[in-house]
Each structure stands twice: as C-alpha cells, then as structure tokens.
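1. Kindly generate the corresponding structure for this input.
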Amino acid sequence: MSINRVNYAHLLTKPNPKHLDSLMRFFDSGKLQPSEFGYGVEIEHLPVHNGDDSAVTYWEPNGIETLLKRLSPFYDKEGEYWENGHLVGLNRDKVNVSLEPGGQVECSIGIFHAPDDFNATYESFRGQVDHIADELGFRLVNYGYQPVTSFSDIPLNPKFRYEAMNRYLGRIGSYGPMMMRCSASTQVSIDYTDEGDSIRKMRVGTAIGPIIAWFLRNAPYFEGRENPYPLLRQRMWDFMDPQRTGIMPGLYSPNFSWETYAVDVLSTPLLFADLTHTPEKKDSVPDGHVIAWHENAAEIYPDRALNQYEINHVLSMHFNDVRMKNFLEFRHWDSLPEDRARRLVDIMFSLYYNAENLGRLTSYFDGLTQLDVEAAKSAIQANGAEATPYGQPMEFWQEFLGLEGLLSDTPGDQRHPDVFQA
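-> Residues are numbered from 1 along each chain as shown. Okay, here's the model as predicted:
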C-alpha cells in the first residue's frame, strides 16, 4: 500500500523544518518512566431506537443533540464544544464525550495508572447517559457496526471536518461513508520511555493487533445483514485511503524513527485543516476551517513552530493501525462492552507494561517485515479461525498472547440478546 503514497508524494511541498521540529519535540514530550505509565480508553457507542434498533441520528427530535444537552449539567460548562451553533462535545475530569460522524457517542476516559481504575469511571458515564437515553427512547450499544440501519440513511453531525472527510473518503475508497456513519471502535492508548521503546511497541502492536481483534471481534452485522467479513473494521480501513491508513510505511525498517513518522505525516495532504487556533489565518479564513485534499501542512500552516492544537490536528488526520502522538494509540478493535473492554486493558498492561512479556514479543517478531504483517492480516481476513498468521494457528496465539476465554467461534455468537432478533 505504501507504493501509492511514494508515487505522488514528490509532487507535494516538502515538510517545513519548523513543523518537523514541532512534531519531534511533541513526541519527545511523551517520554515517561515506567513508574509513570498510564493508559486511556476510547469507546464509541452506537445509538439505536428501543423499538426497532434503527440508528438514532443527531438531528432528529430527542436524538443525539438532545442527549448531549440533557447530559451537559454533569460536565464542565467551559468544557463544552460547539460547532455551527450546535453542541457536539462535553468534558470533565477524566471523561470526554465527543461525536463520531454518524452521531456515534464516544467516551474517552483516562489517564489511569492501574487497570482497576477503568470500571468505576466508565460505569459513572454509562449510569448518567443510559438513564437520559432511555427517557428519550433509545440506548447505546457496543457493536462494531450499526445492526439495522444503512449508512445511506444516517446524516452527518454538524462538525466541520466530517463534511470534508465524507466528500474525500467517499471518492477514493470503498468504505469511507460506511465507516464514518455506522462503525464504532474501542481504542487504547499507552505510554513509552523513549523513541526506541515507542517504536518497539508500535511494531509489536501492529503485528498482533489483528490477531487480538479476531478474538475480540464484535461486528455481527453489516448493512442490516449478517456480517460476512471475519474482521469488518480491518476490511473497511484497509480499503479506505492508503496514504493515511493501515501499517505505517517503513515501520519495520531498521532506520525507522520519529522523524520518519513525522515526515510521512507532514508530507501527506491534510484532507481537512483546522485553523481555529492559528491566529495568522483569522482574517483570511474567518470560520477557521479549510478543505485540504491536496495541500500538506507546509502549504497550510504558517512558517513557524506549530502550537499543540495544530500538532494534534495534523496527527489526527492520519489513521494508522497504531497512531503516534505523545503516546501510542492502538486502533484495531470493534466497540466493546465494559467487561471485554476491561479485559482488553488487562491484556495491554500484560503485553506492553510487563518488561518480560514485551521482550518476549520483541524477540519473537525480530526480523518481521511489513509484507509479513500484510500477509497475516490477509490470512485472518480470508480464513478466520483457520488462519495461521505468521505460521501459527489461532490456538497458539490465544495462549501466547494470553487471550484465553475470548471469542474463537463464529461472528453470529456475538449478538447481544436484546438487539436485532432476526
């Protein structure tokens, strides 16, 4: 997939050295000692009507906008986020509520420093939001894709970036509008000690992420029918936009570095530019939003060091399997209910924060190439439970990665009993 990127990247303006330095400093700011390591969890929820399990949209009466307004007294007033005159986000200590394009409700929680810290905070969020949603006639479910409603029947929420992303991703890939409107994920973020540690964790995480995703898969439905894909989320992202998704190009090269990652991000068209925190653009771009399908950061942002808001936006327009910020964000998994999300946290702690386990994985995958990882992903997608990624059966990986007790049978068995009884 990286070939497509190389073919036309030379047509773009080279990264601005000041921007490159900004990203390098940002990555460096994330270095922590192991005693300081924490984690964050993002869970996206699909809103469905109680009567027929169809999708609840942002705009409908008693829909997602109403939910946020009813939920807002539980959050900090100064943490509210509005766009186009509509409420689209809430914030309080350790909890941020935001919206994905189709009105999926995302709960980002952390930073936590022990696995046990997850449950109480998430349960508090669910206790408040579930009560309000029930009064409005709907509920939030944890699936990787809407159980009944087609993407074509779900309007976008009012956030500026999603209109640009919809127009762009709808033209270059097979699943862009579907992913945006109907999918939901669970993501876990972890820390690193230095550049080498971050790259080691990125490589291991990219290699084993699809395997863990198989055992945690939670997308029994696709476009109102039984999902035919062993890994629907991977299927959508692998056919999305090769210049900003999938495996980070060069990740398994001995010369890969933070600079490699930063150059790649800064060389890629932004798709959408958020200039709301760029003072120099206040007069020329009053609303602070620009579609940038062809322009990279050097062509949009001023010739100076990027501020943290700008850095976060630039990095957020890349969607690799493992994303680099001033922490590492692992993005492989479908939306998971609380017990399975907690199990995922336990797995992440065991594999990445246990030096012996991380060393074992690093040694096992020594010499791995990007083609090896692509082959493993394809094998799981093609053969499911019969796949042998990296030459080993799924039973081996279940034991090797500590995944005992997780799903290993057919996607149909993932159905929640109270959703979509066909």
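2. what ranges of the stretch 301-422 of the chain fall below the confidence cut-off?
-> For the stretch 301-422 of the chain, the stretches with pLDDT under 70 are 407-422.
3. Tell me where it has helices.
-> 308-316, 338-352, 355-364, 370-383, 394-400 (DSSP state H, counting those that start in this stretch).
4. which helices and strands does the first one pack with?
-> In this case it means helix 308-316. Packing partners of helix 308-316 (3 or more Cβ pairs under 8 Å, 6 or more residues apart in numbering; DSSP states H and E): helix 17-29, helix 258-267, strand 271-274. Placement of C-beta: from N, CA and C, glycine included.
5. change it to 7 Å
-> With contacts taken as 3 or more Cβ pairs under 7 Å, 6 or more residues apart in numbering; DSSP states H and E, helix 308-316 sits against helix 17-29.
6. Tell me the buried residues in the helix it packs on?
-> His19, Leu20, Ser22, Leu23, Met24, Phe26, Phe27 (16 or more other Cβ atoms under 10 Å).
7. Gln398 against Gly405, yeah?
-> No. Assessed by Cβ atoms under 7 Å, Gln398 is found out of contact with Gly405, at 8.9 Å.
8. more crowded one of the two?
-> Gln398 (17 against 9; other Cβ atoms under 10 Å).
9. So that one versus Ala385, what's the distance?
-> 11 Å (Cβ to Cβ, to the nearest Å).
10. Phe272 now?
-> Applying Cβ to Cβ to Phe272 and Ala385 gives a distance of 39 Å.
11. Check which element follows the helix or strand containing Thr66 along the chain.
-> Here Thr66, judged by DSSP states H and E, is contained in helix 64-71. For helix 64-71, the following helix or strand on the C-terminal side (DSSP H and E) is strand 81-83.
12. For that next one, buried residues please.
-> Tyr81, Glu83.
13. for stretch 342-353, same thing?
-> Those buried within stretch 342-353 under the rule 16+ other Cβ under 10 Å are Arg342, Arg343, Leu344, Val345, Ile347, Met348, Phe349, Leu351, Tyr352, Tyr353.
14. same deal with stretch 377-397?
-> Quick answer for stretch 377-397 (16+ other Cβ under 10 Å): Lys377, Ala379, Ile380, Gln381, Gly384, Ala387, Pro389, Tyr390, Met394, Trp397.
15. export these to a markdown table and tack on distance to Ala184?
-> Below are the buried residues of stretch 377-397 laid out as a markdown table (distance: Cβ to Cβ, whole Å):
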| residue | distance to Ala184 |
| --- | --- |
| Lys377 | 21 |
| Ala379 | 25 |
| Ile380 | 20 |
| Gln381 | 20 |
| Gly384 | 21 |
| Ala387 | 24 |
| Pro389 | 25 |
| Tyr390 | 29 |
| Met394 | 25 |
| Trp397 | 25 |
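16. Can you tell me which of the residues you listed is nearest Leu358?
-> Using Cβ to Cβ, Trp397 comes nearest to Leu358 of the buried residues of stretch 377-397, at 16.4 Å.
17. Spatially nearest residue to Asn312 (excluding sequence neighbours)?
-> Lys325 (7.2 Å; Cβ to Cβ, 6 or more residues apart in numbering).
18. Double-check Gly224 against Ser150; I have them as touching.
-> Yes. Counting by Cβ under 7 Å, Gly224 touches Ser150, with 6.1 Å between them.
19. so the residue nearest to Asn312 makes contact with Leu315?
-> Yes. Assessed by Cβ under 7 Å, Lys325 is found in contact with Leu315 at 5.5 Å.
20. that older thread, so how far is Lys281 from the residue nearest to Asn312?
-> Counting by Cβ to Cβ - Lys325 and Lys281 are separated by 23 Å.
21. Mind listing the residues bridging to the closest residue to Leu68 other than its chain neighbours?
-> In space, and not counting its chain neighbours, Leu68 is closest to Leu87: 4.8 Å by Cβ to Cβ, 6+ apart. In this structure, Leu87 bridges to Trp82 when assessed by DSSP bridges.
22. can you pull the contacts of the spatially most central residue of the chain?
-> Centroid-nearest residue in the chain, with Cα atoms, centre = their mean: Arg331, separated by 4.4 Å. Contact analysis of Arg331 by Cβ atoms under 7 Å, 6 or more residues apart in numbering lists Ser185, Gln187, Asp321, Val322, Arg323.
23. Of those residues - the most surrounded one?
-> Ranking the contacts of Arg331 using other Cβ under 10 Å puts Asp321 first, with 25 neighbours.
24. these two touch, right, that one and His332?
-> Yes. If you go by Cβ under 7 Å, Asp321 and His332 touch, sitting 6.1 Å apart.
25. Quickly list what's touching both of these two.
-> Common neighbours of Asp321 and His332 (Cβ under 7 Å, 6+ apart) are Gly209.
26. give me phi/psi at the residue lying closest to Trp333 once chain neighbours are set aside?
-> Nearest residue to Trp333, sequence neighbours excluded (Cβ to Cβ, 6+ apart): Thr186, at 4.5 Å. Main-chain torsions, Thr186, degrees, to the nearest 10: phi -120, psi 130.
27. mind checking how far Thr186 is from Pro254?
-> Distance of Thr186 to Pro254, computed by Cβ to Cβ: 32 Å.
28. Name the residue in the two with the higher neighbour count.
-> Neighbours around Thr186 and Pro254, counted as other Cβ under 10 Å, are more numerous at Thr186. The numbers are 26 against 5.
29. which residues touch that one?
-> Per Cβ under 7 Å, 6+ apart, neighbours of Thr186: Glu42, Ile43, Trp333, Asp334, Ser335, Leu336, Ala341, Leu344.
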